[in-house]
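Undergrad: heads up, no residue letters with this:
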């Protein structure tokens, strides 16, 4: 059975479409699996243009309503930013399954249509379709994008009824959802129920407390540097966005030296975003020493970005260092 998470973009997704074309479909040779494979490695814009052509040929043989092919096309269109085309394909499917529902729910959620995504999720549930972990993850993303508490409570109740509350990826989504809905205490409770929180869970719970004004709460159990080193059985590893979140939370807590250490520990080259985050925290706490260090690092990667210079001037001004301010 094809799983929703296997329907991605680029080579993996288009290889799936090619596989569909090869296995017992009359239109396989006529549509041309080679055309699908030719999309691999191209940019989203280039691949989208070619995919539209392949879709048109599939439609001419009335195979675009096949559940698997339609699910792949929905996923591809959504991830390329063409949510209208994704919706048109979804509507033509004669017999939906959990995958086709999930990719459409996820596509809407990731396209900024959280309300519509949640409506589709509830429609799926009302029609009696079985929901699995990927479906709940998609619904949780929709709930997080809306930032409303009540829909999240309902989804969490459904998750418990389905016995998926211990699934790490689902639990991470619940933690993130409660954090973005302003319910840091509930996010903390779910976080504490996890047997082995991964980097995503730590990032979500720290962000939740940071939004709530308490940046120190989750770190009493585990230092942030250790939290980011923790992967999980799903192979999730912290990316730049996780580090940025940690740096922001450290800055809010006036742990500026540790924020700098966090930026310097990033597995990739630190971007201007990371150093501007530190610089903004230094402005808040009037720390000219760390601010100057962050400013120098920022200039190395973004010499022409005006915001950094303005922040550094403001830091010197608030510290009464007029001479240094004039030299920025």
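TA: Everything's here; your move. Just so it is clear, the structure is predicted and the values come from calculations on it, not from any experiment.
Undergrad: so how far is residue 69 from residue 208?
TA: 40 Å (Cβ to Cβ, to the nearest Å). Heads up, the C-betas are built off the backbone N, CA and C, glycines and all.
Undergrad: more neighbours, the two?
TA: residue 208 (29 against 23; other Cβ atoms under 10 Å).
Undergrad: tell me the SS of the more buried one?
TA: In three-state terms, and counting by DSSP: H, G, I helix; E, B strand; the rest coil, residue 208 is helix.
Undergrad: contacting residues for it?
TA: Listed by Cβ atoms under 8 Å, 6 or more residues apart in numbering, the contact set of residue 208 reads 175-176, 178-180, 183-184, 187-188.
Undergrad: also residue 112?
TA: Counted by Cβ under 8 Å, 6+ apart, residue 112 has contacts residue 145.
Undergrad: and it, how far from residue 144?
TA: Applying Cβ to Cβ to residue 112 and residue 144 gives a distance of 12 Å.
Undergrad: doesn't residue 102 make contact with residue 142?
TA: No: between residue 142 and residue 102 there is no contact under Cβ atoms under 8 Å: 11.4 Å.
Undergrad: between the two, tell me which one has more neighbours.
TA: Remark: of residue 142 and residue 102, residue 102 carries more neighbours, 30 against 27, as counted by other Cβ under 10 Å.
Undergrad: what about residue 185, how many neighbours?
TA: 12.
Undergrad: name the helices or strands packed onto the one helix or strand it maps to?
TA: Remark: residue 185 resides in helix 184-193, with elements defined by DSSP states H and E. Helices and strands touching helix 184-193, by 3 or more Cβ pairs under 8 Å, 6 or more residues apart in numbering; DSSP states H and E, are helix 168-180, helix 199-211.
Undergrad: and the last one, what's its mean pLDDT?
TA: By that I understand helix 199-211. Helix 199-211 carries an average pLDDT of 80.
Undergrad: so for it, what gets flagged as buried?
TA: Buried positions in helix 199-211, judged by neighbour count with 16 or more other Cβ atoms under 10 Å: 199-211.
Undergrad: of those, closest to residue 137?
TA: residue 200 (11.4 Å; Cβ to Cβ).
Undergrad: grab the nearest non-local neighbour of that closest one.
TA: Once flanking residues are discounted, residue 200 sits nearest to residue 172: 4.8 Å by Cβ to Cβ, 6 or more residues apart in numbering.
Undergrad: just the pLDDT for the one you found.
TA: Looking at residue 172, its pLDDT is 91.
Undergrad: who touches it in this structure?
TA: 198, 200-201, 204.
Undergrad: gap between it and residue 190?
TA: 9 Å.
Undergrad: residue 256 against residue 282, yeah?
TA: Yes: at 6.1 Å, residue 256 counts as touching residue 282 under the criterion of Cβ under 8 Å.
Undergrad: the more surrounded of the two?
TA: A count of neighbours by other Cβ under 10 Å puts residue 282 above the other of residue 256 and residue 282, at 29 against 21.
Undergrad: mind putting the helices and strands packed on helix 184-193 in a markdown table, distance to residue 158 included?
TA: What follows is those, written out as a markdown table (distance: least, Cβ to Cβ, whole Å):
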| stretch | distance to residue 158 |
| --- | --- |
| helix 168-180 | 11 |
| helix 199-211 | 20 |
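Undergrad: which one of the ones you listed lies nearest to residue 97?
TA: Closest to residue 97 of the helices and strands packed on helix 184-193 is helix 168-180 (Cβ to Cβ; 19.7 Å).
Undergrad: what residues sit buried inside stretch 126-141?
TA: Counting neighbours by 16+ other Cβ under 10 Å, stretch 126-141 gives 129, 131-141 as buried.
Undergrad: name the element residue 258 belongs to?
TA: For residue 258, the host element (DSSP H and E) is helix 256-264.
Undergrad: which elements pack onto that helix?
TA: helix 224-229, helix 240-252, helix 272-285, helix 288-301.
Undergrad: quick check: which of these is nearest to residue 86?
TA: Of the helices and strands packed on helix 256-264, the one closest to residue 86 (Cβ to Cβ) turns out to be helix 240-252, at 24.4 Å.
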